[in-house]
Each structure stands twice: as structure tokens, then as C-alpha cells.
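Student: fold the following and give me the result.
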Amino acid sequence: MKNKVVIIGCGRLGASIASYAASQSLNVIVVDSNASSFERLDEPFSGFTVTGDATDCTLLEKEAYIQTAESVVVTTGNDNVNLYLAHLLSRIYEVPEIVVRFDDPKYEELIKDLPGVKAVYPFQLSFEKILSFKEEMEAGK
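Tutor: Residues are numbered from 1 along each chain as shown. This is a model prediction of the structure:
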């Protein structure tokens, strides 16, 4: 399977990324522990879904085919699980491109030396965007 993206976590963010990736003709596998989470995927979603615990290496290997993933996006709601997966995906499976969502920016220190891992922090992005709006409004006065 070429151009394979694995999305771990199918909340609003994970579902949106998975739906977008599938619309770009990428091969998408979405993993979530709750099967009802897949209802968030767009109606024409053409990827695959896997219900189960993404920290289970057997599930990652036999159902998500993690060894051949070109990229993985980790968006579970648990920073500790996301941290564990970042280390596992980078060090054990050597996934070339990994993007991980963290609520707490302090996790940056714990992933800084992992090859191929990038992190996104919704709080930080929101904070920066609000400040930029404030600066725009002040400049417009």
C-alpha cells in the first residue's frame, strides 16, 4: 500500500485529518479504541478503520500495518499515550514522519531528540492566534 497514512485517534481533529488525507487519494488507516468514533469521518471516507488499543504492538503491526506507514498522526486525548506512541513509532518502527498532538507544551522536551517527530499544541496555537487578533485590532485603531 503506497502513500499510507495512519491516524491514531478519531476525535474531531483525527477524523478531520483522516477525511482530508483520504480526499487527497492517500491510503488512510484510522485507529481508535471506540468504534463509534468513526462516525465522525466524512461520508465518502474511503480509508480503513481499526478498532482497538493503539498501544498494542500486535494491533499496530497486523491491522494498521505500521511497518509500512509513511506517516503517522497521533491525536488521542491523552498526552501520556501520545508520548508513548511517539517514542514507539520513532524508535521501534522507524516511521519517517510522525506528528503528535499534545495539550501540554512541556512535552516538547520529551520528544526533542526523536527522529521524524513533530508536535502540535492546540493551546499554544490558540493563544498565538488570539494574540495576533489583538495586535491586528490595535494596529487598526
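
Student: for Tyr93, see how far away Gln67 is.
Tutor: Distance of Gln67 to Tyr93, computed by Cβ to Cβ, to the nearest Å: 6 Å. Every C-beta, even on glycine, is put in place using the N, C-alpha and C of the backbone.

Student: do a quick rundown of the helices in the chain.
Tutor: Per DSSP state H, the chain carries helices over the ranges 12-23, 57-62, 79-87, 108-111, 122-139.

Student: TSV for the ones you listed, including mean neighbour count?
Tutor: Shown next, in TSV, are the helices of the chain (neighbours: other Cβ atoms under 10 Å):
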stretch	mean neighbour count
helix 12-23	19
helix 57-62	15
helix 79-87	18
helix 108-111	13
helix 122-139	10
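
Student: what would those look like in CSV with distance to Val100 and mean pLDDT?
Tutor: Formatted as CSV, those follow (distance: least, Cβ to Cβ, whole Å; pLDDT from 0 to 100):
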stretch, distance to Val100, mean pLDDT
helix 12-23, 12, 95
helix 57-62, 15, 97
helix 79-87, 5, 98
helix 108-111, 7, 94
helix 122-139, 12, 81
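
Student: so Gln67 and Tyr93 - more neighbours on which side?
Tutor: Ranked by neighbour count (other Cβ atoms under 10 Å), Gln67 and Tyr93 place Tyr93 first, with 19 against 11.

Student: could you check the pLDDT of the nearest residue to that one once chain neighbours are set aside?
Tutor: Excluding the flanking residues, the one nearest Tyr93 by Cβ to Cβ, 6 or more residues apart in numbering is Ile66, at 5.2 Å. For Ile66, the pLDDT comes out at 96.

Student: and Ile66, how many residues sit next to it?
Tutor: 23.

Student: so what's it up against?
Tutor: Val6, Leu60, Val72, Leu89, Tyr93, Val95 (Cβ atoms under 8 Å, 6 or more residues apart in numbering).

Student: next one: it from Gly77, what distance?
Tutor: 21 Å.
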